[in-house]
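*Asks:* After the sequence you'll find the predicted model.
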Amino acid sequence: MIEEKEAETLEQLRLLHHYLQRNWPYLKPRKARGIVDPKACIGTIESTHRKMTYRMKRQGRLWTKTGAQAMIRVIDSLRNQEFEGWLNQYEALPNDVVAQEKRWKAMKRWVQKKPNFQTHEGALKGQIGEGKAKSAPLGQFAKGLEQLITTPNYI
């Protein structure tokens, strides 16, 4: 029983040792890594995640994929104090991507527009040829049409 606990403890100690060896450069204190301002540290990924989600989702906006990626780059570069460098190396989007997004937005606006109402007379009288059997489906449909036509409009 004691030997099993000892073996388990030794295994955990070995795993801890390998973890520390692998991640030692990242475990240095802030000052040893050259970071003087404590506000420059972003902390855990959750704090960065909150910044992104509040900015991107909480304002109720819709984002294209390229627009969302650009906004995340801006927020990230501002947070890491690299905005000037990022802005200077910014590459303009190719014209075909910009044109494609403009066409997409125009098409979306066109689809969402309500069509103008056009007045029309509609079908005044529908008739199915004579000589059809009244028991056949087409004959029953003709009988129903005839009743619709003779029904007075109360509108």
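*Replies:* All right, it came through fine.

*Asks:* low-confidence ranges in this protein?
*Replies:* Residues of the chain meeting the criterion pLDDT under 70: 1, 35, 37-56, 58-60, 86, 89-94, 123-129, 131-132, 149-155.

*Asks:* let's go with 50 and repeat that
*Replies:* Judged against pLDDT under 50, the chain has no low-scoring part.

*Asks:* all helices for it, in order.
*Replies:* 2-23, 45-56, 65-79, 83-88, 95-112, 137-150 (DSSP state H).

*Asks:* And the contacts of the longest one?
*Replies:* Same thing as helix 2-23. If you take Cβ atoms under 8 Å, 6 or more residues apart in numbering as the criterion, helix 2-23 is touched by L27. C-beta here means a position set from N, CA and C on the backbone, and glycine is covered the same way.

*Asks:* How many residues are close by the nearest residue to E101 once chain neighbours are set aside?
*Replies:* Of all residues not flanking E101 in the chain, T64 sits nearest, at 6.0 Å (Cβ to Cβ, 6 or more residues apart in numbering). Around T64 there are 12 other residues, counting by other Cβ atoms under 10 Å.

*Asks:* Then E130?
*Replies:* Under the neighbour criterion other Cβ under 10 Å, E130 is assigned a count of 6.

*Asks:* quick one: contacts for it?
*Replies:* Residues in contact with E130 (Cβ under 8 Å, 6+ apart): none are found.

*Asks:* any idea which of the helices of the chain is most buried?
*Replies:* Per-residue neighbour counts averaged over each of these give the maximum for helix 65-79, namely a mean of 14 (mean count of other Cβ atoms under 10 Å).

*Asks:* returning to that earlier point: same list (the helices of the chain) but as CSV, adding distance to H120.
*Replies:* Conversion of the helices of the chain to CSV gives the following (distance: least, Cβ to Cβ, whole Å):
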stretch, distance to H120
helix 2-23, 75
helix 45-56, 47
helix 65-79, 43
helix 83-88, 57
helix 95-112, 23
helix 137-150, 18
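
*Asks:* Cool, thanks, talk later.
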